[in-house]
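>>> next comes the sequence, and after it the predicted model I'd like to discuss.
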Amino acid sequence: MDTAAEKAAQRKAGIAARRALSEADRAAANAALCRRIAQLRCFREAQTLLAYAAFGGEADLSALLAEAERLGKTVAYPVCGEGFTLTAAVPEPDGWEAGAYGIRTPILTKSRLLAPGELDLVLVPCTAFDAACRRVGMGKGYYDRYLPRCQNAVTLGVAFEVQRVERAAADPHDRQLDSYATEEKIYRGTDKFEL
């Protein structure tokens, strides 16, 4: 099987696995994941982070992000644009809309935009990942294009343990993350990551 076909198979299986979690299991996993990330040094020390609004069964970090804002951290969310670009936007309270694919997205004209170099921590969703912190995303490459520009940030993948595969199908342009957090454990991908 070639890499593209393997990615498609892993993407499909990972989405199915996260959607198959019962409501009770999902709630418990989300709570455990938020607690685990809140204890990490990269989260405690971060002042500015890029998160995501959960969609399609993704791990929901709402509790963690509410805590981040309570602590005075700046929380930005991604806005996908033309040419597979990604922009980090901090929305005003009324600065949200249903964006591409129905994902809750900041309205750029009602948001403060952040440069990639301003970010301390980027929380990255996926469809599948492996213990070496390679990821399979949704297939458009938004994060793979954006993450190299986040030179000051720790890149932390976020997923449920059921999304882990033996070896994620990855091309040379696919970004390995610094670490991955699941409800069960932390996986280290690079030496840049510290607990």
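Okay, I see it.

>>> which element is the closest residue in space to Asn30 that isn't next to it in sequence on?
With sequence-adjacent residues excluded and distances taken as C-beta to C-beta, 6 or more residues apart in numbering, Asn30 is closest to Asp60, at 4.7 Å. The way it works is simple: take the backbone N, C-alpha and C, and place the C-beta from them, glycine included. Counting by DSSP states H and E, no helix or strand carries Asp60.

>>> contacts only, for the residue nearest to Glu166 when sequence neighbours are not counted.
Residue nearest to Glu166 in three dimensions, not counting chain neighbours: Asp130, with 6.6 Å by C-beta to C-beta, 6+ apart. Shown in contact with Asp130 (C-beta atoms under 8 Å, 6 or more residues apart in numbering): Arg164, Val165, Glu166, Arg167, Ala168.

>>> cutoff 10 Å now
For Asp130, the contacting residues are 10, 136, 163-170, 176, 180, 187, 189, by C-beta atoms under 10 Å, 6 or more residues apart in numbering.

>>> restricted to buried residues, select those in ChimeraX.
A single ChimeraX command selects the buried members of the contacts of Asp130 (16 or more other C-beta atoms under 10 Å):
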select :10,136,163,164,165,168,169,170,176,180,187,189
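
>>> rewinding a little: and for the residue nearest to Asn30, the neighbour number?
Other residues within reach of Asp60, judged by other C-beta atoms under 10 Å, total 20.

>>> returning to that earlier point: measure the residue nearest to Glu166 to Arg188 for me?
12 Å (C-beta to C-beta, to the nearest Å).

>>> find residues that contact each of these two.
With C-beta under 10 Å, 6+ apart, Asp130 and Arg188 have common neighbours Tyr180.

>>> over to Asp60: give its phi and psi.
In terms of degrees, to the nearest 10, the main-chain angles of Asp60 are phi -100, psi 120.

>>> how about Gln10?
phi -70, psi -40.

>>> what's the closest non-adjacent residue to it?
Distance criterion C-beta to C-beta, 6+ apart; nearest residue to Gln10, sequence neighbours excluded, is Ala128 at 4.2 Å.

>>> so what pairs up with the one you found in the strands?
Per DSSP bridges, the residues bridged to Ala128 are Val136.

>>> what's the burial count for it?
Ala128 has 25 neighbours, counted by other C-beta under 10 Å.

>>> show me what contacts it?
Taking C-beta under 10 Å, 6+ apart, one finds 7, 9-15, 17-18, 134-137, 159, 162-165, 168-169 in contact with Ala128.

>>> poorly predicted segments of this protein, please.
191-195 (pLDDT under 70).

>>> most centrally placed residue in it?
Val124 (1.8 Å; C-alpha atoms, centre = their mean).

>>> for it, give its distance to Ser22.
25 Å.

>>> next: Ile15.
16 Å.

>>> between these two, who's got more neighbours?
Legend: neighbour count by other C-beta under 10 Å for Ile15 and Ser22, higher for Ile15 (17 against 8).
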